[in-house]
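>>> sequence below, structure please.
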Amino acid sequence: QVHLVESGGGLVQAGGSLRLSCAASGRAFSTITMGWFRQAPGAERESVANISRSGGTTYYADFVKGRFTISRDNAKNTVYLQMEALKPEDTAVYYCAARTRGLAIRTTEYEYWGQGTQVTVSS
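The predicted model follows:
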């Protein structure tokens with residue numbers, strides 16, 4: 001079992017930055033693949049960024065490439081999402097997720113989920 005707790009969401013103006021954090025517990029952190037997903041009102045949950053167990057491989061959705069960076073600190077059992085140049089369309093609840101197998105990007109491939117953190121970008 002993996003327990004995930006996100007933090008760092010909030011209200012920011014367009015063009016601003018935020019850093020989300022997700023602390024994991026319950027399993028050796030270096031054995032789990034991590035991902036960030038988001039869900040806007042009325043929309044399906046979608047993948048934002050994913051990172052392999054070692055941190056050596058990452059995946060980004062096209063709509064965040066060049067603006068968001070996923071990273072992990074296995075010593076701190078934490079994964080981060082640095083978000084730059086935020087746009088109003090980035091407004092959503094952001095979820096951290098974990099899986100015990102290799103890198104994947106689909107929501108259905110992740111076994112464990114955090115409670116989510118709201119990110120609101122004003123225009």
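>>> pairing partners for the spatially most central residue of the chain in the sheet, please.
The geometric centre of the chain, computed from its C-alpha atoms, lies nearest to residue 36 (CA atoms, centre = their mean), at 2.1 Å. Partner residues in beta bridges with residue 36: residue 49, residue 96, with DSSP bridges as the criterion.
>>> and if you look at residue 70?
In this entry, residue 70 is beta-bridged to residue 81, by DSSP bridges.
>>> wait, it touches residue 57, no?
No. At 10.5 Å, residue 70 does not count as touching residue 57 under the criterion of CB atoms under 8 Å. Every C-beta, even on glycine, is put in place using the N, C-alpha and C of the backbone.
>>> shaky segments in this structure?
Along the chain, no part satisfies pLDDT under 70.
>>> which one of residue 70 and residue 57 has more residues nearby?
Per other CB atoms under 10 Å, whichever of residue 70 and residue 57 has more neighbours is residue 70, with 21 against 12.
>>> wait, residue 101 touches residue 31, no?
No. Residue 101 is beyond contact range of residue 31, at 9.9 Å (criterion: CB under 8 Å).
>>> one step back: what sits against the residue nearest to the centre of the chain?
The neighbourhood of residue 36, defined by CB atoms under 8 Å, 6 or more residues apart in numbering, consists of 20, 22, 47-50, 70, 79, 81, 94-97.
>>> for residue 31, phi and psi?
The phi and psi values for residue 31, taken as degrees, to the nearest 10, are phi -100, psi 0.
>>> any idea how far residue 57 is from it?
For residue 31, the distance to residue 57 equals 15 Å [CB to CB, to the nearest Å].
>>> just residue 3 next, same as before
According to CB to CB, residue 3 stands 24 Å off from residue 57.
>>> please apply the same query to residue 67.
Noted for residue 67: a distance of 19 Å to residue 57, by CB to CB.
>>> contacts only, for residue 73.
The neighbours of residue 73, taking CB under 8 Å, 6+ apart as the test, are 79, 80.
>>> my read: residue 102 touches residue 32, true?
No. With contacts counted by CB under 8 Å, residue 102 stays clear of residue 32, the gap being 10.4 Å.
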